[in-house]
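Trainee: sequence unknown, structure follows:
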């Protein structure tokens with residue numbers, strides 16, 4: 001998955017194929033590869049640690065919106081960031097905001113059929129399936145509350161729930177991977 005990020009006015013091309021929590025993965029920033037590690041699910045309201053090529057960074061994100069500049073801090077150094085996202089489609093996972101100034105980023109999801117991504121920022125209030133459940137195209141997988149509205153998140157295809165990356169009560173950002181249907 002490729003994205004264009006602007007940090008303090010400077011553009012970066014960022015590419016991520018897979019980004020599991022707790023396992024090393026790689027990202028490309030302007031065609032240079034970096035090893036990244038997220039030891040646990042990021043907490044965007046309190047900041048979170050991330051390792052890039054073995055070096056630790058603390059990331060703080062504030063009021064993230066696509067196509068609108070927002071603030072971030074990397075090791076308490078402030079940056080202005082703008083993330084350009086494509087329109088959501090059921091078969092494409094969408095990138096989430098990233099602090100590229102130190103070539104780190106929140107996990108992005110690979111482009112692949114069956115990825116269920118959050119269509120907007122909000123809070124998961126209900127998960128209606130579990131790993132291993134069979135689902136049909138359009139069946140409700142979970143409920144996302146955003147701006148006091150409940151949004152049912154539907155399966156993009158017939159299949160089996162292979163992975164669930166969210167928990168009830170947890171906040172998600174637009175584009176976060178919620179589930180994977182195989």
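Mentor: Structure's in. What do you need? Here the structure is a predicted model, which is why all the values come from computation and not from measurement.
Trainee: helices of the protein, start to end?
Mentor: Applying DSSP state H to the chain gives no helices.
Trainee: and it, split by domain according to the record?
Mentor: Following automatic domain parsing, one finds the domains of the chain at 2-102, 115-181.
Trainee: and those domains as JSON lines, adding mean pLDDT?
Mentor: Shown next, in JSON lines, are the domains of the chain (pLDDT from 0 to 100):
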{"stretch": "domain 2-102", "mean pLDDT": "73"}
{"stretch": "domain 115-181", "mean pLDDT": "90"}
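Trainee: save these as TSV, and put in mean neighbour count too.
Mentor: Just so you know, the C-beta spots here come from the backbone N, C-alpha and C atoms, and that holds for glycine as well. Putting the domains of the chain into TSV (neighbours: other C-beta atoms under 10 Å) gives the following:
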stretch	mean neighbour count
domain 2-102	16
domain 115-181	17
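Trainee: surely residue 140 meets residue 151?
Mentor: No. Residue 140 lies out of contact with residue 151 (C-beta atoms under 8 Å); the separation is 10.2 Å.
Trainee: residue 123 contacts residue 169, doesn't it?
Mentor: Yes. Between residue 123 and residue 169 there is a contact at 6.8 Å, judged by C-beta under 8 Å.
Trainee: contacts only, for the residue nearest to residue 78 when sequence neighbours are not counted.
Mentor: Excluding its sequence neighbours, the residue lying closest to residue 78 (C-beta to C-beta, 6 or more residues apart in numbering) is residue 71, at 6.1 Å. Shown in contact with residue 71 (C-beta atoms under 8 Å, 6 or more residues apart in numbering): 62-63, 78-81.
Trainee: so the nearest residue to residue 33 once chain neighbours are set aside bridges to which residues?
Mentor: Spatial nearest neighbour of residue 33, excluding adjacent residues (C-beta to C-beta, 6+ apart): residue 26 at 5.3 Å. Beta-bridge partners for residue 26, by DSSP bridges, are residue 35.
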